[in-house]
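Asks: Have a look; sequence and predicted model below, questions after that.
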Amino acid sequence: MKQRLAAAAVLGLSATLALTACGSSSKPSSSSGGSTSGAVAIKLVAADYGTGPANSSQTYWQHVADAFHQANPNITVQVQTIDWNDLSSKVQTMIQNKQYPDILEGLTYAQYVQDGIAYKASDVLDAAALSNINPIFAKAGEVNGTEYGIPWTTSSRAMFYNKKLFTRAGISSPPTTWDQLKADAKAVAQKTGKTGFGLPLGSEEAQAESLLWFLGNGGGLTDASGKYAINSAQNIATYQYLQGLAKSGATEPDPATKNRTDLWQQFAQGDIGMINGSPALIPIIQKAGVLQSSGYGVVAVPGKTGPLTSTVGVADYVVALDKGDHRAAVKSFLDFAYSDQNQLAFDNEYDLLPATTSATNSMSGNPQFAGFVKNLGTATLYPSSQADWSTVLTAIQKQIGTAITGDPRNVLDQIQQSATAGQ
């Protein structure tokens, strides 16, 4: 079981959720959209954030469902968690067969709004709970000004660096600009024999790594009007820089084939000088046992001329799907699930950040999380409110890494064409 990093977690997962059950004031609603006066069964499908059976998200959600059922005995929540690699395809099959769940966590939501099967967030979450959602991520859950996607968990990015490798390479402080980063990465590679900078541009999360670099050069996935701008001049120049970074020997060989998970493990083993990461990298470092907390640092991601003032923020969303008669039961469960106790139990288990303001504030005092929490206030998010984002995301994951060895302009042009094909 991963080490708990926030104070609330010392209660333990089961105890925390038991407190939620005992203290819950959630009562079934008799409003329109389905009554909970009789026995009701609703289904939750969620992503599995665990690394194995010991910390499977099935266990977390089953605890929440059981605690909720104890407080609301006429409502049963059936829980199914699915591995991230299979989640999208399995849910798509459910949608096609019209056997979709009442509540879905982990995927984008805009396509379900387009399909006409998504509830408004205000229909399935109490106004007080809804107002407690981090406003930046809540705004990103809107489609045409109405919120449908409800953030469940969040994260932000920063740069990790290995202090021991920096010392061996003669580097006194972490870089703040691209020029400094390149020089430092080359120094680490040449003087220690280790990888200078880990650049994961494989299909796992190429979108996050790319966006971090785009932001450092005044670019992004969209322009100021919200339209896709993947092949902007700034983004092309960014990949030209990354191409040079890789060719200089400052990164691992062939970044287009390297995924975040593998490179994070290598950083934890002391084999990489610098890498961009989230709070989820911390327990990987702790488990490896090579770097003590004093052996690595976490700083703002370097940009072309200075550190990023807005880093990448990521949220995984909950969306409630209309099956005709379960809205009241769904609302009761979500009001219960979004308590601070449940938020903190989840995020402590998986080393993520809460989606609610109150839970985030309680975590901000932890020095391991403080910088990441601070970043949430100015974070740049994916354009997940666009109905075609899942298609664009797939194109980025599969293609963008090839800009390292190919022509950056041509590669980004191709992705831009995919992004705007349906517009």
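Replies: Arrived safely, thanks for sending.

Asks: What distance do you get for residue 381 to residue 149?
Replies: 11 Å (C-beta to C-beta, to the nearest Å). Where C-beta positions appear, they are placed from N, C-alpha and C, glycine not excepted.

Asks: likewise residue 314?
Replies: In terms of C-beta to C-beta, residue 314 sits 13 Å off from residue 149.

Asks: Between these two, which has more neighbouring residues?
Replies: residue 149 (27 against 22; other C-beta atoms under 10 Å).

Asks: Going along the chain, name the strands of the stretch 151-300 of the chain.
Replies: 158-162, 195-198, 272-277, 296-299 (DSSP state E, counting those that start in this stretch).

Asks: Now tabulate those in TSV and tack on mean neighbour count, distance to residue 351 and mean pLDDT.
Replies: Shown next, in TSV, are the strands of the stretch 151-300 of the chain (neighbours: other C-beta atoms under 10 Å; distance: least, C-beta to C-beta, whole Å; pLDDT from 0 to 100):
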stretch	mean neighbour count	distance to residue 351	mean pLDDT
strand 158-162	24	13	99
strand 195-198	26	19	99
strand 272-277	27	11	99
strand 296-299	18	13	97
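
Asks: what's the closest of the ones you listed to residue 56?
Replies: Residue 56 lies closest to strand 272-277 among the strands of the stretch 151-300 of the chain, at 23.1 Å (C-beta to C-beta).

Asks: Quick one: work out the angle between the closest one and strand 158-162.
Replies: 160 degrees (axes from the mean of the first three to the mean of the last three C-alpha atoms, to 10 degrees).

Asks: Buried residues in stretch 324-332, which are they?
Replies: Of the residues in stretch 324-332, those buried by neighbour count under the rule 16 or more other C-beta atoms under 10 Å are 326, 327, 328, 329, 330, 331, 332.

Asks: Let me fix that, I meant to ask about stretch 222-236.
Replies: Buried residues in stretch 222-236, defined by neighbour count with 16+ other C-beta under 10 Å: 222, 228, 229, 230, 231, 232, 235, 236.

Asks: same thing with stretch 70-80?
Replies: By neighbour count on 16+ other C-beta under 10 Å, the buried set for stretch 70-80 is 71, 72, 75, 76, 77, 79.

Asks: ditto for stretch 299-311
Replies: Result for stretch 299-311 [16+ other C-beta under 10 Å]: buried residues 299, 300, 301, 302, 303, 304, 307, 308, 310, 311.

Asks: Now secondary structure and distance to residue 360 too, for those residues, in TSV please.
Replies: Putting those into TSV (DSSP: H, G, I helix; E, B strand; the rest coil; distance: C-beta to C-beta, whole Å) gives the following:
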residue	secondary structure	distance to residue 360
299	strand	21
300	coil	19
301	coil	21
302	strand	26
303	strand	25
304	coil	30
307	strand	22
308	coil	20
310	coil	17
311	coil	16
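
Asks: For these, give me a markdown table that also has distance to residue 88.
Replies: Converted to a markdown table, these look like this (distance: C-beta to C-beta, whole Å):
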| residue | distance to residue 88 |
| --- | --- |
| 299 | 34 |
| 300 | 32 |
| 301 | 28 |
| 302 | 33 |
| 303 | 32 |
| 304 | 34 |
| 307 | 34 |
| 308 | 29 |
| 310 | 28 |
| 311 | 26 |
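
Asks: What is the nearest of the buried residues of stretch 324-332 to residue 88?
Replies: Relative to residue 88, the closest of these is residue 330; by C-beta to C-beta it sits at 22.0 Å.

Asks: which residues touch the closest one?
Replies: Contact partners of residue 330, counting by C-beta atoms under 8 Å, 6 or more residues apart in numbering, are 42, 102, 103, 119, 124, 320.

Asks: show me the contacts for the second one.
Replies: Taking C-beta under 8 Å, 6+ apart as the criterion, residue 102 is in contact with 42, 43, 44, 320, 321, 323, 326, 329, 330.

Asks: do the fourth one as well
Replies: Contacts here follow C-beta under 8 Å, 6+ apart; on that basis residue 119 touches 148, 319, 320, 321, 322, 327, 330.

Asks: tell me the phi and psi of the first one?
Replies: The main-chain torsion angles of residue 148 are listed as degrees, to the nearest 10 and equal phi -120, psi -40.

Asks: Likewise for the third one?
Replies: Dihedral angles of residue 320 (phi, psi; degrees, to the nearest 10) stand at phi -100, psi 130.

Asks: What of the last one?
Replies: For residue 330, the backbone dihedrals are phi -60, psi -40 (criterion: degrees, to the nearest 10).

Asks: And it, how close does it get to residue 77?
Replies: Noted for residue 330: a distance of 9 Å to residue 77, by C-beta to C-beta.

Asks: The fifth one now?
Replies: For residue 322, the distance to residue 77 equals 17 Å [C-beta to C-beta].
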